[in-house]
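>>> Just need the structure, nothing else, for what follows:
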Amino acid sequence: MFSSVTKHIAMGALFCSLLAACGPEAAEPEYGFGEADMQNAIVGDWSGTLTLTGQMPTSFTLSIARVPSMQPACGSRTFSAPACVETSSMTLNATLTTADKTFDAVSLQGDFMVIGLEMNNGELSLAGSGVNLTGGIEVDKTSQTLTVSGTQSGSATMQR
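Coordinates of the predicted model:
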């Protein structure tokens with residue numbers, strides 16, 4: 001077996017290599033997408049069918065707009081973790097309206113987040129008065145499925 005000193009040296013070398021990859025001197029990662037790509041993937045008018053538990057399906061519209069990023073008023077800090085993951089996020093506002101008026105121009109806030117250097121899919125999360133819409137957005141698909149939760153639960157399928 002390894003001695004205690006050998007284990008400590010090996011752990012130290014591993015820790016240092018991880019810090020070097022994620023620390024302040026790490027090279028900027030090469031993202032395969034930009035801000036406009038994220039905006040094109042999620043911002044705009046969506047429509048589809050929303051089905052709440054125990055109710056008939058109803059058509060809906062979801063209008064998603066980008067919120068300009070807020071900057072900290074004073075200072076802010078970021079603590080890097082030894083195992084880094086690149087993420088990109090975009091703050092959103094949305095309005096949800098269903099044909100049956102269960103949700104009538106409900107204001108939602110949330111974000112769209114992509115994990116990694118390529119934008120194959122992302123995670124949409126919107127919340128408002130009594131309703132949450134969450135789900136994975138597959139960039140190459142025209143139809144997306146969301147989970148509805150809050151005061152009522154169900155699912156929604158949307159497309160542009």
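
>>> Excluding sequence neighbours, find me the nearest residue to T49.
P57 (4.9 Å; Cβ to Cβ, 6 or more residues apart in numbering). Every residue, glycine included, has its C-beta placed from N, CA and C.

>>> Report the contact partners of the one you found.
49-51 (Cβ atoms under 8 Å, 6 or more residues apart in numbering).

>>> can you tell me how far it sits from S129?
Remark: distance between P57 and S129 (Cβ to Cβ, to the nearest Å) = 22 Å.

>>> Make a ChimeraX selection of the buried ones in the contacts of P57.
Buried members of those can be picked out in ChimeraX with the line below, counting by 16 or more other Cβ atoms under 10 Å:
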select :50
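
>>> Just the ones of the contacts of P57 in strands?
49-51 (DSSP state E).

>>> So which residues make contact with stretch 45-55?
57-64, 98, 102-103, 143-144, 148, 152-160.

>>> got the CA positions of that stretch in PDB?
The C-alpha trace of stretch 45-55 is given here as PDB (Å, rounded to 0.1, in the frame of the first residue of the first chain):
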ATOM      1  CA  ASP A  45     -43.300  33.700 -28.900                       C
ATOM      2  CA  TRP A  46     -44.100  30.000 -28.200                       C
ATOM      3  CA  SER A  47     -47.500  28.300 -28.400                       C
ATOM      4  CA  GLY A  48     -48.800  24.900 -27.600                       C
ATOM      5  CA  THR A  49     -50.900  22.700 -25.400                       C
ATOM      6  CA  LEU A  50     -51.000  22.800 -21.600                       C
ATOM      7  CA  THR A  51     -52.500  19.900 -19.700                       C
ATOM      8  CA  LEU A  52     -53.200  20.400 -16.000                       C
ATOM      9  CA  THR A  53     -53.900  17.300 -13.800                       C
ATOM     10  CA  GLY A  54     -57.600  16.500 -13.900                       C
ATOM     11  CA  GLN A  55     -58.400  19.100 -16.600                       C
END
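
>>> right, and the secondary structure at A65 would be what?
Following DSSP: H, G, I helix; E, B strand; the rest coil, the label given to A65 is strand.

>>> Can I have the buried ones of the contacts of stretch 45-55 as a PyMOL selection?
To isolate the buried ones among these in PyMOL, judged by 16+ other Cβ under 10 Å, type:
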select buried, resi 57+58+60+62+63+64+98+102+103+144+148+154+155+156+157+158
